[in-house]
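J.: Test case, fold it:
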Amino acid sequence: MSPEIRERFLEGIKKFNEKKFYDAHDILEDVWFAVRGKDRSFYQGLIHLAVGFHHIADKKNSLGANLQLRKGLAKLSEYEPEYEGVELTALLKKIQKCIMALKDGDINKFKAPMIPKIPIRKS
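T.: Residues are numbered from 1 along each chain as shown. Sure, this is the predicted structure:
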C-alpha cells in the first residue's frame with residue numbers, strides 16, 4: 001500500500017472511531033477504489049461496517065444496519081486475526097453483539113455505547 005493510500009486508510013479509521021460514519025465510508029471507499037487484489041474485500045468489509053453504523057446512528061434503520069453489519073462481518077472474518085494493523089478478532093466479536101442487538105428489528109434496543117472503535121496499530 002502506498003503511503004498516500006495508507007494515510008487515507010488511517011483517516012477513514014479515525015473518522016469511524018469519531019463516529020463520523022458517512023465520512024468514514026467516503027474515505028474508505030476512496031481507498032477501496034485505489035486498491036487491487038485480495039485487499040479489496042478487506043476494505044469493502046470496513047465500508048460495510050461504516051454504512052451499517054451510519055444506518056444506526058443517523059438513519060435509525062435497523063434492517064439496513066443489520067444487513068450491512070452482516071456483510072462486513074462476513075468479509076472481514078476472512079482476514080482474522082489481524083490485517084493491515086486492524087485487530088479483527090476483538091472487533092468482529094463486538095460486531096456480532098451489535099448484530100444480535102438488532103435481530104428483532106427494534107432500533108431502540110440498540111445502545112450507542114455498543115458501537116465499537118476499530119482497533120489499529122499505527123505503524
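J.: which non-adjacent residue is nearest residue 66?
T.: residue 102 (4.4 Å; C-beta to C-beta, 6 or more residues apart in numbering). C-beta coordinates here come from the backbone N, C-alpha and C atoms, glycine included.
J.: how about that neighbour, what does it touch?
T.: 56, 62, 65-66, 69, 109-110 (C-beta atoms under 8 Å, 6 or more residues apart in numbering).
J.: between those residues, which is nearest residue 23?
T.: residue 56 (15.5 Å; C-beta to C-beta).
J.: My guess is the closest one contacts residue 110. True?
T.: Yes: Residue 56 lies in contact with residue 110 (C-beta atoms under 8 Å); the separation is 6.0 Å.
J.: Mutual contacts of those two, please.
T.: Between them, residue 56 and residue 110 share the contacting residues 62, 65, 102, judged by C-beta under 8 Å, 6+ apart.
J.: Out of these, the closest to residue 121 would be?
T.: Checking the shared contacts of residue 56 and residue 110 against residue 121 with C-beta to C-beta, the nearest one is residue 65 at 27.6 Å.
J.: can you pull out the helices in this protein?
T.: Here the chain has its helices, by DSSP state H, at 3-17, 21-34, 39-54, 62-77, 88-102.
J.: I'd like to know which elements the fourth one is packed against.
T.: When contacts are defined as 3 or more C-beta pairs under 8 Å, 6 or more residues apart in numbering; DSSP states H and E, helix 62-77 sits against helix 39-54, helix 88-102.
J.: Pull out the buried residues from stretch 2-13.
T.: 8-13 (16 or more other C-beta atoms under 10 Å).
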